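**Q** With the input below, show me the fold.
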Amino acid sequence: MNEYKPRILIAKPGLDGHDRGAKVIARALRDAGMEVIYTGLRQTPEMIVEAALQEDVDAIGLSILSGAHTVLVPRIMTLMRENEMADVPVFLGGIIPPEDAAAMQEAGIAGIFGPGASIDEISRFIWDQIRLPNA
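**A** Below is the predicted model:
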């Protein structure tokens, strides 16, 4: 019997060109036993949701350093609801000011991880959030 490997999409929405953190998280989640799909830089909300649909992911991680989270996250969450993906947890990493955290959670973000968050913390969060098949 094979152990289930959750499928996680890691995406860099918007024009932010810094993806080192996203790549570190992608590699670490692979090392933690997850299957990771990294979309690359400069993804539109539509591209991210389409990739999540096509890849049938269990969770989505967004990395935003540009400050555009207040525009991009609500659009992504709207597209997810429109595509009947509201049950897919979305977590957010990057530079998210504390005063924006409540708005991100209200938009539907399940977890926010800033600089210094540990890989173990993020991995545990994902395992706690996903719904395992036949569970």
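**Q** only C-alpha atoms for contact and neighbour calcs from this point on.
**A** OK.
**Q** Where do the strands of this protein begin and end?
**A** Along the chain, counting by DSSP state E, strands occupy 7-11, 35-38, 59-64, 90-94, 111-113.
**Q** Report all helices and strands that the second one contacts.
**A** Taking 3 or more CA pairs under 8 Å, 6 or more residues apart in numbering; DSSP states H and E as contact, the helices and strands that strand 35-38 lies on are strand 7-11, helix 20-31.
**Q** For this protein, which helix extends over the most residues?
**A** Counting by DSSP state H, the longest helix found in the chain is helix 69-82.
**Q** which outside residues touch that one?
**A** The set of residues external to helix 69-82 that reach it, using CA atoms under 8 Å, 6 or more residues apart in numbering, is 13-14, 45-46, 48-49, 86, 96, 100, 103-104, 107-108.
**Q** quick revisit: do you know which of the strands of the chain lies nearest residue 19?
**A** Residue 19 lies closest, by CA to CA, to one member of the strands of the chain: strand 59-64, at 7.9 Å.
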